[in-house]
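**Q** here is a sequence with its predicted model. Questions after.
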Amino acid sequence: MANNNPGAPQTVMHTAEAPNPIADPAPLGLAGFGTTTLMLSFINAGIIAASGTGAVLGMAAAYGGTAQFAAGMWAFKRGNTFAATAFSSFGAFWWSYYLIVVVFAKGLGTAAGPVLGLYLFTWGVFTLYMFVASLHGTRAVQVVFFLLFITFFLLALGAWGWGGGGGSGFTHIGGYVGIVTAIAALYTSFADVLNATARRVILPTN
């Protein structure tokens with residue numbers, strides 16, 4: 001993930017790296033993100049009823065939130081600014097999603113649509129500038145962040161009620177794009193694990 005020479009340019013989530021006493025946390029972070037996103041996106045797409053959100057909340061708290069945040073902390077230890085920022089932030093995103101649904105949603109009242117749209121739009125902005133930063137890394141990571149910022153913006157439009165049907169059209173489209181995003185993240189996680197275990201590149205990420 002990061003070059004151990006402080007004076008050398010930093011790389012972004014790659015698989016070919018020098019031995020390090022701390023294992024690469026990127027596959028864990030990508031897996032936590034990908035699996036939780038996949039579950040939520042099936043609901044956003046309308047493939048599974050919204051009553052299934054409870055299962056997503058369990059994943060959000062344990063895997064998407066906690067495991068991914070831990071991956072971010074390990075990325076800080078390895079000196080990888082990009083991975084540390086991405087995984088820590090999206091780990092916190094899943095915690096915030098859990099808190100909004102479980103604790104705060106009932107108190108939002110008529111402000112629910114506008115403020116949730118703003119919440120999703122804000123995460124879209126963060127993801128967009130992380131996508132720009134990812135252009136210095138592997139193609140696989142670029143694809144994940146490109147699809148993710150589109151997903152957030154589509155879901156924001158849906159929360160704001162754009163496109164008719166109370167915004168359900170944009171929400172469903174965002175759900176399908178989210179599914180593709182999750183698949184891209186899981187592929188990247190699998191490639192990183194496989195390549196690191198085999199000690200050679202089997203699945204490409206560039």
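**A** Thanks, I have the structure now.
**Q** quick one, what contacts the residue most central in space within the chain?
**A** In the chain, the C-alpha nearest the mean C-alpha coordinate belongs to residue 33, at 4.6 Å (C-alpha atoms, centre = their mean). For residue 33, the contact set (C-beta atoms under 8 Å, 6 or more residues apart in numbering) comprises 64, 68, 87, 90, 182, 185. C-beta: built from backbone N, CA, C; applies to glycine.
**Q** SS state for it?
**A** helix (DSSP: H, G, I helix; E, B strand; the rest coil).
**Q** repeat for the one 4 residues further on
**A** State at residue 37, reduced to three classes by three-state DSSP: helix.
**Q** list the buried ones in stretch 169-186?
**A** 170-186 (16 or more other C-beta atoms under 10 Å).
**Q** mind listing residues that contact it?
**A** 30-31, 33-35, 37-38, 40-47, 140, 143-144, 147-148, 150-155, 157-159, 162-163.
**Q** ok, of the residues you listed, which come out buried?
**A** Looks like these have 30-31, 33-35, 37-38, 40-45, 140, 143-144, 147-148, 150-155, 157-159, 162-163 buried, using 16+ other C-beta under 10 Å.
**Q** would you check that residue 100 makes contact with residue 123?
**A** No: between residue 100 and residue 123 there is no contact under C-beta atoms under 8 Å: 12.0 Å.
**Q** so for the two, which residue has more residues nearby?
**A** residue 123 (22 against 15; other C-beta atoms under 10 Å).
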